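Q: From the sequence below, what's the structure:
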Amino acid sequence: MVFLSPALKQRLANPLKIGKVEIRSRVLQSPLSGVSDLVFRRLVRRYAPDSMMYTEMVNASRLYYVRKLPKIMEVDPNEQPISIQLFDCRPDFLAEAAQMAVAEGADTIDINMGCPVNKITKNGGGSSLLRQPQTAVEIVCAVVKAVDVPVTVKTRIGWSDQEINAVEFAQRMQDAGAQMLTLHGRTRSQGYHGPAKWEWIARVKSVLQIPVIANGDIFSVEAAVDCLEQTGADGVMCSRGTLGYPFLVGEIDHFLKTGQPRNSPTVIDRLRCAREHLVMLWEYKGDRGVRQARKHMTWYAKGFAGAAELREQLCRIGSVEQGCQLLDQAIADLEKLKSTSAVSNISDISSPAQLISQSLVTSC
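A: Down below sits the predicted model:
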């Protein structure tokens, strides 16, 4: 059983302030490459209306040359608070891209300095900037000068265990004008393997005046509370824990505000959410949305008898009708089992801790 200590409750009582922007939640939804599109964010926001959402990371160079906003940059006019995340290694490209993002409706501009993927780092973006701190400083300075909304940075603790420079790097980002720092407690070399080193988040928090958001291994309410207690961070950012479980941000937010747990969704609730997610992606993106939905459907289909077979079928769906039919049948089967008491406590097998996704989807 998790408890919210009086000290932590008092520390998180006021809104999160990112420069001139106030957020009434200390729980943020991470940008996730190929995941956190407008549809996914709508589902997360349903359960966490006050939380900051992030778009997938946007290539500033592509914006510069194409001059056309990509679909991943699209935000709903009523979608607030919302941040658009950008990546590149050229300050002038990022500054111009940031202006386009603000025009699109971004409340803050987030600069990715943590993505570990080779195709990003080999071109000087993402976590490669940890090895180029002066370039990182120039980027932040240029973007701060270009826009009138807060500029934030998301990064990692270092390039490798032999090159951990989180404290110095974070201080330089603050001095350059960043108004919040999100720190993933792993090195670039770790990728998404091994435990997050929360102790480095605590060290960074101890020397910065701007808000520090902890990221890495936030898969449950219990983990979020433990992380906040251990690090002194101003909030947490959920990443892979929301794959197939868009309820997580809201569950953590509710607990931090009330000290009371929110009832977890049953397996049936989750499959109904999967069905809605599929239909929404199809309505938003057509057949491409159905293809993108395959991975989402397999993330939802976990933690119950027959899940493996259902995942195998869902990952090959060719139409929205086929996916809905599979999910409707699975829901009907589970409801029948529940009504005949063949599953004595169906809600227990859908607890978040049992449904943690180990997918290596890139957290931007």
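Q: OK, contacts around the nearest residue to residue 310 once chain neighbours are set aside?
A: Closest residue in space to residue 310, ignoring its immediate chain neighbours: residue 301 at 4.6 Å, by Cβ to Cβ, 6 or more residues apart in numbering. To be clear about C-beta, it is placed using only N, CA and C from the backbone, and glycine gets the same treatment. Listed by Cβ atoms under 8 Å, 6 or more residues apart in numbering, the contact partners of residue 301 are 244, 271, 274, 307, 310-311, 314, 330.
Q: Also residue 169?
A: So residue 169 contacts 130, 133, 136, 155, 158 (Cβ under 8 Å, 6+ apart).
Q: Also residue 290?
A: Residue 290 makes contacts with 278, 281-282, 317-320, 323, as judged by Cβ under 8 Å, 6+ apart.
Q: In the stretch 1-150 of the chain, where is pLDDT below threshold?
A: Residues of the stretch 1-150 of the chain meeting the criterion pLDDT under 70: 67.
Q: how about the strands in it?
A: 16-18, 21-23, 27-29, 53-54, 58-59, 82-87, 108-113 (DSSP state E, counting those that start in this stretch).
Q: right, and those strands - which one's nearest residue 240?
A: Of all these, strand 27-29 sits nearest to residue 240, with 11.6 Å by Cβ to Cβ.
Q: Partner strands of the closest one, with direction?
A: strand 235-238 (parallel) (DSSP bridges).
Q: follow-up on the earlier one: in terms of distance to residue 201, which of the contacts of residue 301 ranks first?
A: residue 244 (26.0 Å).
Q: what's the burial count for that closest one?
A: 24 (other Cβ atoms under 10 Å).
Q: Which residue ranges make up the domains of the protein?
A: Following automatic domain parsing, the chain resolves into domains at 6-258, 267-346.
Q: Quick one, which of these gets closest to residue 363.
A: Across those, closest to residue 363 is domain 6-258 (Cβ to Cβ), at 3.9 Å.
Q: of all the strands of the stretch 1-150 of the chain, which gets the most neighbours per residue?
A: When the strands of the stretch 1-150 of the chain are scored by mean count of other Cβ atoms under 10 Å, the highest mean neighbour count falls to strand 27-29 (a mean of 28).
Q: Which two of the contacts of residue 169 have the greatest separation?
A: 136 and 158 (13.1 Å).
Q: Mind listing the shared neighbours of the two?
A: In contact with both residue 136 and residue 158: 130, 169, using Cβ under 8 Å, 6+ apart.
Q: Need the pLDDT of the residue of the chain positioned farthest from its centre.
A: Distance to the chain centre peaks in the chain at residue 340, reaching 38.6 Å (criterion: Cα atoms, centre = their mean). Note for residue 340: predicted pLDDT of 79.
Q: quick revisit: Throw the strands of the stretch 1-150 of the chain into TSV and include distance to residue 187, thanks.
A: Formatted as TSV, these follow (distance: least, Cβ to Cβ, whole Å):
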stretch	distance to residue 187
strand 16-18	26
strand 21-23	28
strand 27-29	22
strand 53-54	22
strand 58-59	24
strand 82-87	18
strand 108-113	13
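Q: and of these, who's closest to residue 39?
A: Here strand 53-54 is closest among the strands of the stretch 1-150 of the chain (Cβ to Cβ), at 11.8 Å.
Q: Show me what that closest one is packed against.
A: Using 3 or more Cβ pairs under 8 Å, 6 or more residues apart in numbering; DSSP states H and E, the elements in contact with strand 53-54 are strand 27-29, helix 38-47, strand 82-87.
Q: now the ones you listed in JSON lines, with distance to residue 2?
A: Formatted as JSON lines, the helices and strands packed on strand 53-54 follow (distance: least, Cβ to Cβ, whole Å):
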{"stretch": "strand 27-29", "distance to residue 2": "15"}
{"stretch": "helix 38-47", "distance to residue 2": "18"}
{"stretch": "strand 82-87", "distance to residue 2": "28"}
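Q: can you tell which of those is closest to residue 216?
A: strand 27-29 (13.0 Å).
Q: so how far is that closest one off the chain centroid?
A: Remark: strand 27-29 is offset 7 Å from the chain centroid, using Cα atoms, centre = their mean, to the nearest Å.
Q: Can you tell me which of the contacts of residue 301 has the most neighbours?
A: Result: residue 274 is most packed of the contacts of residue 301 (other Cβ under 10 Å), 27 neighbours.
Q: That one against residue 295, yeah?
A: No - contact criterion Cβ atoms under 8 Å: residue 274 and residue 295 do not qualify, at 11.4 Å.
Q: And the helices in the stretch 201-350 of the chain?
A: 221-231, 248-258, 267-285, 287-300, 307-314, 320-339 (DSSP state H, counting those that start in this stretch).
Q: my guess is residue 90 contacts residue 63, does it?
A: No - under the criterion of Cβ under 8 Å, residue 90 makes no contact with residue 63, lying 11.6 Å away.
Q: So those two - more neighbours on which side?
A: Counting neighbours by other Cβ under 10 Å for residue 90 and for residue 63 shows that residue 63 has the greater number, 23 against 18.
Q: Quick one: residues contacting the more buried one.
A: 69-70, 73, 93, 96-97, 100.
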